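*Asks:* I need the structure of the sequence given here:
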Amino acid sequence: MDFELEIDPALATAVLEIEQHHASAGWDQPARLYALVDTADLVLREPALAAMLGLDDSREAGSLTPIEQEELAAGQELEEFLGTISWPDGVAGCAAVVERLVLPPAADGHVPDDPTAAAEYASEHPDKQEVRIVAGVTRHGASYCALRLRAEDDDLSVMGGADLVPSLLALLRATLEDEETT
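*Replies:* Sure thing, here's the model as predicted:
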């Protein structure tokens, strides 16, 4: 049976907001990480910050506010960093932004196992595509991804879906797991 995963509109909106923010900054940006907090909770707990952001609890009920985290250390890969962190209970979810090279399905089986050789292979492949990935997850299990190809760099060409980058989503989910259950 073919079915589509149910999409959490608050998460999808937050991921697309992050994607738009990064699109306005252009390409060749470092990986970034965001905490996603319940906007109504943010308004209640941090009224001065909420006011500065132009948020109010009645207008923002049921939404998530992305809060950009500090940049990763120079040379640190996002995927490695995600394995070292966990979020406090007040964080409803998290999202990450990365730029990567993707190869066509015909390249499967030809990519070297060695990470350095694989990166070189991908960078020299004639059919490579540059893509910006924004992936987000919530504590209650929702996920959403937005993808923008550099070759089709316009807002109408952004692709979205609940499970477009499963490996990145799994890494993000692990940062939200209760340490006692891991």
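
*Asks:* contacts, neighbours, all on C-alpha from now
*Replies:* Will do.

*Asks:* confidence score at the spatially closest residue to residue 8 that is not a sequence neighbour?
*Replies:* Once flanking residues are discounted, residue 8 sits nearest to residue 142: 6.2 Å by Cα to Cα, 6 or more residues apart in numbering. According to the prediction, residue 142 has pLDDT 95.

*Asks:* likewise for the one 10 residues further on?
*Replies:* The per-residue pLDDT reported for residue 152 equals 92.

*Asks:* any idea how far it lies from residue 130?
*Replies:* Here residue 152 is placed at a distance of 10 Å from residue 130 (Cα to Cα, to the nearest Å).

*Asks:* of the two, which one has the most company?
*Replies:* Ranked by neighbour count (other Cα atoms under 10 Å), residue 152 and residue 130 place residue 130 first, with 18 against 12.

*Asks:* dump the residue contacts of the more buried one.
*Replies:* Contact analysis of residue 130 by Cα atoms under 8 Å, 6 or more residues apart in numbering lists 99, 100, 101, 102, 149, 150, 151.

*Asks:* now swap in residue 62 and tell me
*Replies:* Going by Cα under 8 Å, 6+ apart, residue 62 touches 10, 38, 39, 40.

*Asks:* and for residue 160?
*Replies:* 144, 145, 146, 147.

*Asks:* tell me the SS of it?
*Replies:* strand (DSSP: H, G, I helix; E, B strand; the rest coil).

*Asks:* same question, residue 94
*Replies:* strand.

*Asks:* any idea how far it lies from residue 36?
*Replies:* Taken as Cα to Cα, the span from residue 94 to residue 36 is 5 Å.

*Asks:* who's more crowded, these two?
*Replies:* Higher neighbour count among residue 94 and residue 36: residue 94, with 28 against 24, using other Cα under 10 Å.
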